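> next comes the sequence, and after it the predicted model I'd like to discuss.
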Amino acid sequence: MNESTQAKNDPRRLLCPPAPRARRAPVECGDLPFLIRRDGSWLYCGSAINRKELVCLFASVLKRDGEGSFWLETPAERGRIEVEDAPFLAVELDWQGIGETQVLTFRTNVDQLITAGPEHPIRMSHDLVTCEPTPYLTVRPGAGRLPVEARIGRAVYYELVALAEPGLVHGRQMLGVWSRGVFFPLGDLPEDTDTP
């Protein structure tokens, strides 16, 4: 029996397995020449990345740090990129059930399916100038309090509004949608215009 076979058959190997290798931190590359535009398109050095497979690959390694910056990070390298709004768009909605049993599943522009619920909440934001509502869906958590999100597209937002029903949020009547047992407010309940 040679030495390597003897080492493999040594029962002490089971009691004291080799220590795991320390994972090396990725090399910092600084700012990378990537931009994700508000419309969901990806640019590299000012040129559009037209291959969807490539965009999906980059999207799979997109992370957000504790300060809210976006990074492309592989086990070997990481670099900061610029994002105009949210890095993803929710472009399609599928729903099943009604009321509290309703389940809302969104498809993003990189073909990821995300079901709204406790881990993937919907939040509303309003433009400071126009007060126009903009809905967002959490895709995955970030390293801090700010998650990686998808902006819900206008057509999909109108579908949500069509599914909306009244609900009570912190003692206030709101219009919203249910998904996986969570009520997500979309806006204030309109006042009854028939009352004097």
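Thanks, I have the structure now. Everything quoted here is computed from the prediction, not taken from an experiment.

> C-alpha only now, for contacts and for neighbours.
Will do.

> so after the worst-scoring helix or strand of the chain on mean pLDDT, what's the next helix or strand?
Lowest on mean pLDDT, DSSP states H and E among the helices and strands of the chain sits helix 12-15, with a mean of 46. Downstream of helix 12-15, the first helix or strand assigned by DSSP states H and E is strand 27-36.

> what residues sit buried inside that next one?
For strand 27-36, burial by neighbour count (16 or more other CA atoms under 10 Å) applies to 34, 35, 36.

> with distance to residue 186 and pLDDT added, can I get these in a markdown table?
As requested, the buried residues of strand 27-36 are exported to a markdown table (distance: CA to CA, whole Å; pLDDT from 0 to 100):
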| residue | distance to residue 186 | pLDDT |
| --- | --- | --- |
| 34 | 32 | 97 |
| 35 | 29 | 98 |
| 36 | 26 | 98 |
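
> can I get the residues you listed in JSON lines with distance to residue 161?
Formatted as JSON lines, the buried residues of strand 27-36 follow (distance: CA to CA, whole Å):
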{"residue": "34", "distance to residue 161": "34"}
{"residue": "35", "distance to residue 161": "31"}
{"residue": "36", "distance to residue 161": "27"}
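
> quick check: closest non-adjacent residue to the most centrally placed residue in the chain.
For the chain, the residue nearest the mean C-alpha position is residue 139 (1.7 Å; CA atoms, centre = their mean). Distances taken as CA to CA, 6 or more residues apart in numbering put residue 149 closest to residue 139, at 5.0 Å, once the chain neighbours are dropped.

> can I see the domain layout of the chain?
Domain assignment for the chain by automatic domain parsing gives 27-83, 88-188.

> can you tell me which of these is most buried?
domain 88-188 (a mean of 17; mean count of other CA atoms under 10 Å).
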